Structures are given as structure tokens and as C-alpha cells.
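Chemist: Model the following, please.
(2 chains, ligands or ions: 2)
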Amino acid sequence: MARVRLSGLHKHYGALHAVRGIDLDIPEGEFTVIVGPSGCGKSTLLRTVAGLEEADEGAIEIDGEVVNDLAPRDRNIAMVFQNYALYPYMTVFENIAFGLRARKFPKPEINKRVQEAAELLDITEQLVRYPRQLSGGQRQRVAIGRAIVRDARLFLFDEPLSNLDAQLREEMRAEIKRLHQDLGKTMIYVTHDQVEAMTLADRIVLLRDGLIEQQGAPLDLFERPETRFVAGFLGSPTMNFVPATLEASDGGLAVRFAEGTTLPLPPTRAQAVRSRAGSAVTLGVRAEHMSRANDAGTREGLAPLNVTIDLVQPTGSRTYATFNLADTAVSAELQAHDVRGPGEKMALLVDMNRIVLLDPETDRVL
Amino acid sequence: MSVAVASGGGFGRWADRRFKYLLILPAVLILLLVGVFPFINILIVSFQDISLIFEDRSFHGLLNYKRLFTEARLWQAILHTVIFTLVALPLELVFGLLMALLFLEPIRGRQVFLALLIIPTVISPIVAGATWRLMFDNQFGPINQILGWAAGEPVPIIWIVQKGFVWPAILIAEIWQWTPFMFLLLLAALSNVDKSQVEAAQIDGASNLRIFFRIVLPAIKPVLAIVLLIRALDLFRLFDVVWALTQGGPGTRTETLSTYAYVQGFQQFETSYTSAIAFVVVVLLSIVVVLALRRVEIAR
Ligand SMILES: Nc1ncnc2c1ncn2[C@@H]1O[C@H](COP(=O)(O)OP(=O)(O)O)[C@@H](O)[C@H]1O
Ligand SMILES: [Mg+2]
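Modeler: Ligands and ions are numbered 1, 2, ... in the order given. Have a look, this model is predicted:
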């Protein structure tokens, strides 16, 4: 088990500044997911921790020891690669045993450990086979087996599931989470998939252009994003962003759209943005925080909004209905039978407790 | 269906199906002409008795083949050839491999070095041999010159004559010319080794040596086998460099199978005897090649 601390980490590839000053503290036993769009520097960051890339600036500490100058083999870590990186000329057994042999474990110990790892991952049958004879999911398990057999103090995963089909991906995701619960090791997991990040992480670190945009517990980030980027990156479908102005009304505040529609803010939300009255804002609202108005009446904080549906996308349990608001296509998640078809006029309720208001200049949450 | 009708039924359809054979026919004919016909001719001549002095085209049975076993000079030439091969091949391999490993790292001026390194291999071997003859010249050659500077007194080594120096001279020229070939092919093979496998092995705690022998070497094995085979065959036919430097001399001290056969065939005009040599060599090498190729295929 290990505690990891990165401070002031920079990495350049020639003129490209891939990692631009990362400070990160990862407590012992935590499952940290580094997530962000493709090319934001996730792999580079992880590879720097592994020692496969050299940091240009800053320190990498594992258990209080600065490891910048240690070779990967001396850092006592394990890593699972996106393409699995299995050794093609060795059997599965030899693949898993490779690290133990390299570290001069005694033979009986090697046998015992490989068997245990194989049982844990349900690949005992495959031990005598070669990687090319395995399915994608089995290869993935071998790659994980190779990592866990060695008792490394820190586990690194670089998009380990992105080569699997959707169903297998869900299975393996659950297995990796269980593995973390069983082993209790510190794990750093890189992915571009926000669902993977949300489901696996104790803590999400959202990376953007080589910098940490925001970090915290998954629900924390989801419910209290600090920037438009975070709000838009987490959650599916993507949060709707609509230009609007904030105006005073009836002693409170309301969000007013170009066509004149207004949504009143509940007093608790209004408090924080009172100084912004009269200025332009961006309203951020998730599809699932809108619903069809019904006779049951309204709760505190639900604001009515009359819309004309112009696109309907059923998914089975839910239906996404798209409408136009302030020249922006906005998508609401409704019950399956709430909407009949395009052209339908209906009243929606917007949960004003769950919206975010952003400064359109800085794209920061107000 | 409509295609067949459009092309006129009968002959058109036949031509369509046979077209691929028609296309390779010229190549096959040429191959037969330059490959199989001379081979058969050699076989026939080797059973006759043709030489400079007289031409007897009657069947003489194994006459020439018997001579193969009694000619000490032939066996000496074969021994020389084997020694050249056994010394030059591993050295070319090791140098080529080391250079290729060096060039895997991104180094400044890589392209320039690459271009320079390839020059020896693109030069015609006989020109390379002649160049080395100048290099080794005992009076004007740069090699004695440089050794002289190092020693502080004139160095009078007559490279292409003196015992103990002719062999190294030939080996140096040969290795100089063909190491780049090894280097290039091995560099290509090494660049194709999956980098993440090497990285995984590093993280697994393997030493560089273990990574090389367990991960890299198995990955380049097929290319390695082919390169070794090509070079072994080349070395077994070693001629140009030897001819340019020593013509097999002094005496027969550096005579190889090829220079020996050349002398027998084109200087002594022992046509039938030389044909017998050629035939045996072709058969032996063919067996070696077939066995080697089969092994490579199994290794995959
Ligand atoms: N070896 C490399 N040489 C040059 N540029 C690289 C190299 N590796 C990554 N990059 C660049 O650095 C940036 C970050 O890459 P990476 O860390 O792989 O992103 P991610 O894993 O988040 O998709 C990208 O712009 C990528 O093109
Ligand atoms: Mg990546």
C-alpha cells in the first residue's frame, strides 16, 4: 500500500506541454480515477508516475520517498496497459510468472502465487495457452493477473477496458472494483469514459489540457461542478447549457431567456447570485432534472416551462425529448409515455435546486 | 453471367479463367531458361569429360565425382569457406545487432548516420574489395599509415601476403561490407517490437538483459533467422572480396570454394570437374535452405 504525492509535475514532448503543473495527493488505499478527454495528458501523467517517462519538473513521491530517479523496476508498482502488452511468446502461466521470476522468487512460491491469481481471475484453464489463443476478456484478466501476482504497492491502469465490447466492459469494471475492495491497494486508473470514472472512483481527478480542472468524490463533482467543462463532461446525456439573463422579480431572482420566458430561482439559490442581478448568465440543466408537469401539483423549487417538442428519442425506460429554448436545442429526460411525438406542446417542470448558473465570460460556476 | 456473355462465351470465358496463368507464363519461361536449363546442363557435363585439352562427350559415370574426394585442395577450400563463414557471420550479427540497438534510441543526426552506414552495402563487392586493397597497401595504404602514427615508426605489414594478416584483412573487408545489411534489417525488426511489452517487462522488474533475451529476441527471431540464412549462403559463396584482395593467395592460403571453382573452371578449363563441384554445392545448399526455411516456419 502506498501513498502517492505529485507536486508541480511538468512534462514536455518537444514543444508540446503535455502535463502543465500537477499537484495531487493520493491517500493510501484509495481508488483514484484520472479522467478527461483524449489527449489531455492522462497517459503521460500515469507513465510519469510509473517511471516510463521522465518528469521535466516537479516531484513524484511514493510513501514519502522521491522516486523521480528510480527506474520503473525499482518503484515496486504494477501497471495494466490499454493493449494488455502480454508477452506473445510465453504461455499465460509464464506471462503471470514473469515478474516473479525476474525478482527471483523461489519456484514453489511462483507456482503458488500464479495459481492463486489464476483462480481469483478465473483463468486457471487458460494457464497453458498462449495470449493469441485467448479472447479479449481473458487477455484482460491475464494482464490484471500479471499485475496483482507481485504484491506491488501501487497499481496503475491505463484505459484497461477500452478495447472490450460494452457488455464485457461492464463485467470487468465490476471485477476491478471488487479487486480493489479485496486487495485494498492504492490504485490509479486512467480513462476517458466518465461512466467508468463515476462508477469506479473513490475520487475523480478531472484533467483538461494537462491541468487538473477539478477533483473530488464522484457525486461531489457531479452535483457541484466548478466549471462548465466539469459540468459538461460528467453525466450522460451532456448537461444542457442555455444563454440567459438574471433578473430581479417579486423580490427574488429569475432566469430570463431571450424569448421572454422566465424561471424563478428558489430563495436558497438566489442568495449566492444576488450580486449578479441584471447580467448575462448561462443556465446549466441536466436532462433528468426536467419532468412533465402533472396534476399532482408542484414542489418547492420546481419551475414550469412551456415548450414545443421537436425531436423524440425513446430508449425504452426513458424518452429524450428535445425542444428549442433561446435558440439552443435542449434535451429533457421524460417517462417513456410522457410524450407522443414531435410538435407536441407541453409544460415541463425544471428542478431549480439542481441547476447550475455560469458566468458566460469565464465559464465558471457562480 | 452477363460478363461471360459479353466477353463472347467460349474462348473469352476460357481466357478469363486462365488469364492469371497467361500473366505468369513469361516469368516461368525465363526462370526455366536461366535456372533449370543451366542446372541440367551442368549435371550432364559433370558426367562427361571435357577440359581444355580434349572434349569427350561420352558418359564417364562418377569419374568427376570420385575426383572430388581425392582433391586435397578442394577440401582445403571448403574448410576455408566454413571458417570464413563461422567467423564472419557471428561478428556481423553481433555488430549489426549492437548498432541496431544503439539506433533504436532517438539520437541526433540519426538520418545522416543511417545514410552513411548503408554505403558499404550498396557498393559493388568487387569495388569494395579493390578499395580495401588500396586501404591495405603496404606502402601507400592509410591503414599502415595510421598504425605507423600510433606506433611511432613505419609499419611495414604486407597485409595481403603476410601470414597472420591475410585472413584478418579479408574478414575486415567482408564484415565492413555486410554488417550494415544485418544492421538495417535488424533495425527494422527491432523497431517493430511492441514497445509496451518492453515497458511491461521493465515494470515487472526484469533486467535489460532479461528483457532482451525473453521479450525482444523472440520477437525478432523470424527476421533474424532469414538474415542469418541469407548471409550464411552469401558467405558460403564468398568470392569477390577474396578475389579482389588475394585471388585466394598467397598460394592457396585464402582460397574459398568459389575462388577454387573459378580457377578450375575459367583458368584451368576443367569444365566437367567444375560442373561436378557446382552440382554438389547446389544440392547441398538447397538442402540447407529447405531445412532452414522449414525451421523458421515452425518457429512462428
Ligand atoms: N511520445 C510522445 N511524443 C510526442 N507527443 C506525445 C507523446 N505521447 C503523447 N504525446 C502528446 O501528448 C499529449 C497528451 O497525450 P496523452 O498523455 O497520451 O493523452 P491521453 O492519454 O489523455 O489521451 C497529446 O497531445 C499527445 O499527442
Ligand atoms: Mg491515453
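
Chemist: what about the strands in the stretch 1-150 of chain B?
Modeler: For the stretch 1-150 of chain B, applying DSSP state E, counting those that start in this stretch gives strands covering B:49-50, B:55-56.

Chemist: Rebuild the ones you listed as TSV, extending it with mean pLDDT, mean neighbour count and distance to chain A.
Modeler: C-beta here means a position set from N, CA and C on the backbone, and glycine is covered the same way. As requested, those are exported to TSV (pLDDT from 0 to 100; neighbours: other Cβ atoms under 10 Å in any protein chain shown; distance: least, Cβ to the nearest Cβ, whole Å):
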stretch	mean pLDDT	mean neighbour count	distance to chain A
strand B:49-50	82	20	54
strand B:55-56	78	11	59
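
Chemist: Rebuild the ones you listed as TSV, extending it with distance to A:Pro131.
Modeler: Shown next, in TSV, are those (distance: least, Cβ to Cβ, whole Å):
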stretch	distance to A:Pro131
strand B:49-50	61
strand B:55-56	65
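
Chemist: So which of the ones you listed is nearest B:Asn144?
Modeler: Of all the strands of the stretch 1-150 of chain B, the one in closest proximity to B:Asn144, counting by Cβ to Cβ, is strand B:49-50 (45.4 Å).

Chemist: who's in contact with the closest one?
Modeler: B:56-58, B:60, B:63-64, B:271-272 (Cβ atoms under 8 Å, 6 or more residues apart in numbering or on different chains).

Chemist: Partner strands of it and their direction?
Modeler: Here strand B:49-50 has these sheet partners by DSSP bridges: strand B:55-56 (antiparallel).

Chemist: which parts of chain A sit against chain B?
Modeler: By Cβ under 8 Å from any Cβ of the partner chain, the residues of chain A that approach chain B are A:50-52, A:71-73, A:75, A:77-79, A:81, A:83, A:85-90, A:98-99, A:102-103, A:146, A:150.

Chemist: how about 7 Å then?
Modeler: Within chain A, the residues that sit near chain B (Cβ under 7 Å from any Cβ of the partner chain) are A:50, A:52, A:72-73, A:77-79, A:81, A:83, A:85, A:87, A:89, A:98-99, A:102-103.

Chemist: Which among the residues you listed count as buried?
Modeler: Neighbour-count burial (16 or more other Cβ atoms under 10 Å in any protein chain shown) is assigned, among the residues of chain A next to chain B, to A:50, A:52, A:72-73, A:77-79, A:81, A:83, A:85, A:87, A:89, A:98-99, A:102.

Chemist: which residues of the stretch 101-250 of chain B fall in helices?
Modeler: Using DSSP state H, counting those that start in this stretch, the helices assigned to the stretch 101-250 of chain B run over residues B:110-122, B:125-135, B:142-151, B:166-191, B:195-203, B:208-211, B:217-236, B:240-245.

Chemist: could I have the last one exported to CSV, CA atoms only?
Modeler: In this case it means helix B:240-245. Provided in CSV are the C-alpha atoms of helix B:240-245 (Å, rounded to 0.1, in the frame of the first residue of the first chain):
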residue,chain,number,x,y,z
ASP,B,240,34.5,-11.0,-54.7
VAL,B,241,36.4,-9.7,-51.7
VAL,B,242,38.9,-12.6,-51.7
TRP,B,243,39.4,-12.3,-55.4
ALA,B,244,40.0,-8.6,-55.3
LEU,B,245,42.3,-8.8,-52.3
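
Chemist: per-residue pLDDT, the most centrally placed residue in chain B?
Modeler: By Cα atoms, centre = their mean, the mean C-alpha position of chain B lies nearest to B:Asp234, the distance being 1.3 Å. Note for B:Asp234: predicted pLDDT of 90.

Chemist: returning to what we had before: now, which of the buried ones among the residues of chain A next to chain B sits nearest B:Tyr260?
Modeler: A:Tyr89 (42.7 Å).

Chemist: So which of the buried ones among the residues of chain A next to chain B belong to helices?
Modeler: Using DSSP state H, A:50, A:98-99, A:102 are the members of those that sit in helices.

Chemist: Closest to B:Leu291 out of these?
Modeler: Comparing those against B:Leu291 with Cβ to Cβ places A:Phe98 closest, at 32.4 Å.

Chemist: so that closest one makes contact with B:Asp204?
Modeler: Yes. At 5.4 Å, A:Phe98 and B:Asp204 qualify as touching, with contact defined as Cβ atoms under 7 Å.

Chemist: quick revisit: select only the buried ones of the contacts of strand B:49-50 in ChimeraX?
Modeler: Here is the ChimeraX selection string for the buried members of the contacts of strand B:49-50, based on 16+ other Cβ under 10 Å:
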select /B:64,271,272
